[in-house]
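In: got a structure for you, letters missing:
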DNA sequence: GCCTAGGTCCCGTTT
DNA sequence: AAACGGGGCCTAGGC
């Protein structure tokens, strides 16, 4: 399933890597290398010990021994080439759109892992902005009493307002949601939608920024630009979600029993 | 330097991983697992074959067999715990600020890589925004004739304008630079600085967005908000940089000879 | 194809 | 410690 090889020669390494890549196996190469990159920007990395991951779809990730972030990479590339040149194993990864190339020059390869991994697992993310938006869509009273939500992801200009509704006085309300902390750029995003809406319809809407917390300059900007903000509690939202699920659950059970 | 072990029992796996982590070795575990995450958001990943990287500083990266992005992770964590529980090897990674926990439950471990990598290499990035800003700082004529740059990274409000200068008519100019493509949010960023500057000084500055290209809605917004834009050519900038380096080089040689 | 916006973004920098 | 902005950001979703 997963094999580890300590190669005795560059030639052997090249063959193993080539085969693994051709068979779309996960491949990880451990060794001493330099790395060059050229594309949207350009970079050079002088010699050191690293590992290079080649994923089953051709994505390439080069990691140094510390840190979360890879030092160089290539998302799922069209062409991966492995050759020996000047006593080095050279790995070249090319993608177009944007046109970018990564070169890895191994002066030494300590070992190669390769093999096929099978992963049909399902990944579910909870409490991302999408989910928060849906909960607020279902429970607009969490934002303001008497608010009716009309539309999710309403196109305004070239962008999208997270929520669009009408308040108890029939004034349109544009709502921008941030999942964690709202900073000045979120205010500007909201302001932009408010302005475009006003320009297009001639009606001045309210703009409400909704988030669990706000930077001080965000609140400052909100006041200056004539906007509003509403603090929400994520745990409370979570409870609303759970309550709804239970209602749904009960309904499903009810229907099942009926049948 | 790098060792690969196929463990025969969970107990052996736990010992190997514990030791490797304690010795701050790079560790990669290949196996079948489920993953839970809870923190700023939350996620669940059902069973499948993956590999878990534990870096020498405690960063943890969990990769599925395809794709550039890890499915779960933990940047350099404070606490990593490995135990056997219910016939599974359980890896827990905890960090505070923000408080986040990742749990990996291995039902099967195929193999473990571990060892110390030494990497003193130097990484240099070229043509990032910083470098482009410096070239424009030295060559303001690339933006506009008669423009004098006064300041890089000028603090305006709580943020920073990339460049700040004075045009040939002594009107202040705020410049926002984008390295690749400027979109509407770059326009809003610039607009924000222009507004704050105007509010603070009572003088209305010009705002120029500088980039190699612009989205259509960026240009639309620029016009609506009374701002300006200037297209630059990165290759031309590169030539200017090279020319300057040669001048510096010559100067250095000159000084060396003098001495 | 472009464009918009989110991300457990991460990361460096500055206050 | 908070805040701000860049990133080769990547990735998903719309048009």
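Out: The structure has been received and is ready for your questions. It should be emphasised that the depicted structure is a prediction, and the values quoted were computed from it without experimental measurement.
In: can you pull the contacts of whichever residue of the stretch 151-259 of chain A sits closest to DNA strand C?
Out: DNA strand C sits closest to residue A:159 of the stretch 151-259 of chain A, with a gap of 2.2 Å, by CB to the nearest atom of the strand. (Each C-beta comes from the backbone N, C-alpha and C, glycine too.) By CB atoms under 8 Å, 6 or more residues apart in numbering or on different chains, residue A:159 lies in contact with A:189, A:192-193, B:184.
In: of those residues, buried ones?
Out: Neighbour counting over those (16 or more other CB atoms under 10 Å in any protein chain shown) leaves A:189, A:192-193, B:184 as the buried ones.
In: which of those come close to DNA strand C?
Out: Restricting the buried ones among the contacts of residue A:159 to those within reach of DNA strand C (CB under 7 Å from any atom of the strand) leaves A:189, B:184.
In: which of the buried ones among the contacts of residue A:159 fall in helices?
Out: A:189, A:192-193, B:184 (DSSP state H).
In: need the max-distance pair from the residues you listed.
Out: A:193 and B:184 (10.9 Å; CB to CB).
In: which residues of the stretch 101-250 of chain A lie near chain B?
Out: Counting by CB under 8 Å from any CB of the partner chain, the stretch 101-250 of chain A comes close to chain B at A:110-111, A:113, A:115-128, A:157-159, A:179-180, A:184-185, A:188-189, A:191-192, A:217, A:221, A:224.
In: how about the residues of the stretch 101-250 of chain A near DNA strand C?
Out: A:125, A:128-130, A:158-160, A:162, A:176-180, A:189.
In: any of those residues buried? List them.
Out: Buried among those by 16+ other CB under 10 Å: A:162, A:176-179, A:189.
In: OK, contacts around the spatially closest residue to residue A:99 that is not a sequence neighbour?
Out: In this structure, residue A:99 finds its nearest non-sequential neighbour in residue A:39, 6.4 Å apart by CB to CB, 6 or more residues apart in numbering or on different chains. For residue A:39, the contacting residues are A:98-101, by CB under 8 Å, 6+ apart.
In: in TSV, list those residues along with neighbour count, pLDDT and secondary structure.
Out: Below are the contacts of residue A:39 laid out as TSV (neighbours: other CB atoms under 10 Å in any protein chain shown; pLDDT from 0 to 100; DSSP: H, G, I helix; E, B strand; the rest coil):
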residue	neighbour count	pLDDT	secondary structure
A:98	8	94	coil
A:99	10	95	coil
A:100	19	96	strand
A:101	16	97	strand
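In: would you turn these into CSV with distance to residue B:26?
Out: Converted to CSV, the contacts of residue A:39 look like this (distance: CB to CB, whole Å):
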residue, distance to residue B:26
A:98, 31
A:99, 32
A:100, 27
A:101, 27
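In: which of those residues lies closest to DNA strand D?
Out: Nearest member of the contacts of residue A:39 to DNA strand D, counting by CB to the nearest atom of the strand, is residue A:100, at 4.3 Å.
In: in contact with the closest one, which residues?
Out: With CB under 8 Å, 6+ apart, residue A:100 has these contacts: A:37-40, A:74, A:94.
In: hmm, 10 Å instead?
Out: Residues in contact with residue A:100, defined by CB atoms under 10 Å, 6 or more residues apart in numbering or on different chains, are A:37-42, A:73-75, A:77, A:93-94.
In: what bridges to it?
Out: Residue A:100 has these beta-bridge partners by DSSP bridges: residue A:95.
In: distance of it from residue A:204?
Out: 46 Å (CB to CB, to the nearest Å).
In: just residue A:38 next, same as before
Out: Residue A:38 is 50 Å from residue A:204, by CB to CB.
In: now swap in residue A:11 and tell me
Out: In terms of CB to CB, residue A:11 sits 73 Å off from residue A:204.
In: go on, residue A:178?
Out: Taken as CB to CB, the span from residue A:178 to residue A:204 is 23 Å.
In: count of neighbours near residue A:109?
Out: 24 (other CB atoms under 10 Å in any protein chain shown).
In: what strand or helix carries residue A:169?
Out: When secondary structure is defined by DSSP states H and E, residue A:169 falls outside every helix and strand.
In: same question but for residue A:223, I mixed them up
Out: Residue A:223 belongs to helix A:216-224, assigned by DSSP H and E.
In: now that helix: mean pLDDT?
Out: The pLDDT scores in helix A:216-224 average 94.
In: quick check: next helix or strand after it?
Out: Next element after helix A:216-224 (DSSP H and E): strand A:228-231.
In: and that next one, how far out from the chain's middle?
Out: 26 Å (CA atoms, centre = their mean, to the nearest Å).
In: for it, name the packing helices and strands.
Out: strand A:172-177, helix A:184-201, strand A:206-211, strand A:213-214, helix A:216-224 (3 or more CB pairs under 10 Å, 6 or more residues apart in numbering or on different chains; DSSP states H and E).
In: average pLDDT for the second one, rounded please.
Out: Meaning helix A:184-201. 94.
In: show me what counts as buried in it.
Out: Buried, per 16+ other CB under 10 Å, within helix A:184-201: A:184-197.
In: as CSV, those residues with distance to residue A:244 would be great.
Out: Below are those laid out as CSV (distance: CB to CB, whole Å):
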residue, distance to residue A:244
A:184, 33
A:185, 32
A:186, 27
A:187, 30
A:188, 33
A:189, 28
A:190, 27
A:191, 32
A:192, 32
A:193, 28
A:194, 30
A:195, 35
A:196, 33
A:197, 30
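In: closest one of those to residue A:53?
Out: residue A:185 (33.5 Å).
In: let me know whether the closest one touches residue B:187 as I believe.
Out: No: using CB atoms under 10 Å, residue A:185 is not in contact with residue B:187; the gap is 12.0 Å.
In: near DNA strand D, which residues of the stretch 1-150 of chain A?
Out: Counting by CB under 7 Å from any atom of the strand, the stretch 1-150 of chain A comes close to DNA strand D at A:37, A:39-41, A:43, A:59, A:72-76, A:95, A:100, A:102.
In: mind running it again at 10 Å?
Out: A:35-43, A:45, A:55, A:57, A:59-62, A:69-77, A:93-95, A:98-102, A:123, A:130 (CB under 10 Å from any atom of the strand).
In: how about residue A:119, nearest residue that isn't a chain neighbour?
Out: residue B:48 (3.4 Å).
In: contacts only, for the closest residue to residue A:196 other than its chain neighbours.
Out: Once flanking residues are discounted, residue A:196 sits nearest to residue A:157: 4.1 Å by CB to CB, 6+ apart. Contact analysis of residue A:157 by CB under 10 Å, 6+ apart lists A:192-193, A:195-197, A:199-200, B:184, B:217, B:220-221, B:224.
In: from residue B:220, how far out is residue A:157?
Out: 8 Å.
In: ok, now residue A:91?
Out: Using CB to CB, one gets 44 Å for the distance from residue A:91 to residue B:220.
In: kindly state the domain boundaries assigned to chain A.
Out: A:2-115, A:129-253 (automatic domain parsing).
In: deepest-packed of those, please.
Out: Most buried of the domains of chain A, by mean neighbour count (mean count of other CB atoms under 10 Å in any protein chain shown): domain A:2-115, with a mean of 18.
In: distance of residue A:1 relative to residue B:161?
Out: 55 Å.
In: do the same with residue A:201
Out: Distance from residue A:201 to residue B:161, by CB to CB: 33 Å.
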